[in-house]
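Colleague: Requesting a structural model of the entry that follows:
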Amino acid sequence: MARYLRVPEPTPAARLRRSVEGATIQVVGVPNALAAVMAEREGFDGIYLSGAALSSAVMAVVGAGLYSPSVLVQQAAYIARSVDTPLMVDADMGFGDANDVRQTVVELEAVGAAAIEFGDQRLPKHCGHLEGRELVTTGEMSAKLRTAVEARRNPDLIVIGRTDARGVEGFDAAIRRAGDYLNAGADWIFPESLQTKDEFAQFATAIDAPLVANMTEFGKSPSLPLEELADMGYACVLYPVTLLRVAMKAVEAALAVLADEGSQVSLLDLMQTREELYELLDDTP
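Modeller: Down below sits the predicted model:
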């Protein structure tokens, strides 16, 4: 009797790696697991858990690095188990030294992260589009990236090296740091707060690696269309806080209606119905 071997399904990390081979993907930041399910239904290629969005949405504080690793891991677990779409996680600076970076990778990989991002800011961390940032040395950041690569069990897990050097040390320094981070083992590079379309194009020309284009709103970077970034060679176009900003503006408007009208009736057409919610929940793996 013939025997058939079951070929294991590719992991989310493997699927995420393959998705950028000769293509540009869209990744959307989600404020919670339910939004992740909606993003998956719409067919987005990846889902992102932003540290800044986590601290503001969950703790109502400005900035990142203000929560414990366990909070980040728990939120990542909620999202990863709710969808099949690969999850990218912003791990800030790794919560400390090399040992902390190692533990962060182990725990995030265990709950299903497909990619983990580490940045080169020095604590306290600030938004990458605000002033007042300080960076760790290139050597310290490179050591963290090497540790992250060594800590992963699945070789397909993507380690992303983010640099905030453009707004602190200048554009040329950002390119130098990106090269050093690749030499340290980073798989993808995330250049934060590039300031013009030309800078995005020049960075893509200078760095031969999958690049993340951060299309966050109200910052120093221009909002560039997906097609233009794809033509430049960017692998991933990221919208980290878009959904949270839209959702919170809707909450603000709804609160004003309730306060003014004393009823939610005029808001009903804007609401997700009970049936739509239950249908969405039935979509979870």
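Colleague: rest of the way, CA atoms for contacts and neighbours
Modeller: Fine.
Colleague: Any buried residues in stretch 149-167, and which?
Modeller: Residues 149, 151-152, 156-167 are the ones in stretch 149-167 that count as buried (16 or more other C-alpha atoms under 10 Å).
Colleague: which ones among those are found in strands?
Modeller: Judged by DSSP state E, strands contain the following of these: 158-163.
Colleague: any idea how far E9 is from W188?
Modeller: In this view, W188 and E9 are 23 Å apart by C-alpha to C-alpha, to the nearest Å.
Colleague: Mind checking which of these two has more residues around it?
Modeller: W188 (25 against 8; other C-alpha atoms under 10 Å).
Colleague: so what's the backbone phi/psi at the more buried one?
Modeller: Per-residue torsions, W188: phi -120, psi 160 (degrees, to the nearest 10).
Colleague: Do I have it right that it meets A213?
Modeller: No. Assessed by C-alpha atoms under 8 Å, W188 is found out of contact with A213, at 11.0 Å.
Colleague: which ones are touching Q75?
Modeller: Counting by C-alpha atoms under 8 Å, 6 or more residues apart in numbering, Q75 touches N32.
Colleague: May I ask which helix or strand encompasses it?
Modeller: Taking DSSP states H and E as the criterion, Q75 maps to helix 69-80.
Colleague: Convert that helix to CSV, retaining C-alpha atoms only.
Modeller: What follows is the C-alpha trace of helix 69-80 in CSV, where atoms were taken according to Å, rounded to 0.1, in the frame of the first residue of the first chain:
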residue,chain,number,x,y,z
PRO,A,69,7.3,42.5,27.7
SER,A,70,4.5,40.4,29.1
VAL,A,71,1.9,43.0,27.9
LEU,A,72,3.4,43.0,24.4
VAL,A,73,3.5,39.2,24.3
GLN,A,74,-0.1,38.9,25.5
GLN,A,75,-1.4,41.3,22.9
ALA,A,76,0.6,39.5,20.2
ALA,A,77,-0.8,36.2,21.3
TYR,A,78,-4.4,37.5,21.1
ILE,A,79,-3.8,38.7,17.5
ALA,A,80,-1.8,35.8,16.2
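Colleague: And the next helix or strand past that helix?
Modeller: Next element after helix 69-80 (DSSP H and E): strand 87-90.
Colleague: which outside residues touch that following strand?
Modeller: With C-alpha under 8 Å, 6+ apart, strand 87-90 has contacts from 12, 46-51, 76, 79-80, 112-118.
Colleague: Now that strand: average pLDDT?
Modeller: For strand 87-90, the mean per-residue pLDDT is 97.
Colleague: Repeat that for stretch 234-244.
Modeller: 97.
Colleague: Just the endpoints, please. Distance across that stretch?
Modeller: 24 Å.
Colleague: List the buried residues for stretch 88-108?
Modeller: 88-95, 98, 100-108.
Colleague: Tell me which of these fall in strands.
Modeller: Per DSSP E, the subset of those in strands is 88-90.
Colleague: In the stretch 151-285 of the chain, what residue spans correspond to helices?
Modeller: Remark: helices assigned in the stretch 151-285 of the chain by DSSP state H, counting those that start in this stretch are 171-183, 197-206, 226-232, 242-261, 274-282.
Colleague: Redo the ones you listed as CSV? Include mean neighbour count.
Modeller: Shown next, in CSV, are the helices of the stretch 151-285 of the chain (neighbours: other C-alpha atoms under 10 Å):
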stretch, mean neighbour count
helix 171-183, 19
helix 197-206, 16
helix 226-232, 15
helix 242-261, 13
helix 274-282, 11
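Colleague: Of all these, which one is nearest S19?
Modeller: With C-alpha to C-alpha, the closest approach to S19 among the helices of the stretch 151-285 of the chain belongs to helix 226-232: 13.3 Å.
Colleague: helices and strands around that closest one, which ones?
Modeller: Where contact means 3 or more C-alpha pairs under 8 Å, 6 or more residues apart in numbering; DSSP states H and E, helix 226-232 is packed against helix 197-206.
Colleague: how many degrees apart are the helix it packs on and helix 171-183 in direction?
Modeller: 30 degrees (axes from the mean of the first three to the mean of the last three C-alpha atoms, to 10 degrees).
Colleague: Can you pull out the low-pLDDT segments for this structure?
Modeller: Residue ranges of the chain with pLDDT under 70: 1-7, 63-66, 123-133, 283-285.
Colleague: Now with 80, please.
Modeller: For the chain, the stretches flagged by pLDDT under 80 are 1-8, 61-66, 122-134, 283-285.
Colleague: residues contacting the most centrally placed residue in the chain?
Modeller: Closest residue to the average C-alpha location of the chain: Y48 at 3.7 Å, with C-alpha atoms, centre = their mean. Y48 makes contact with 27-30, 87-90, 240, according to C-alpha under 8 Å, 6+ apart.
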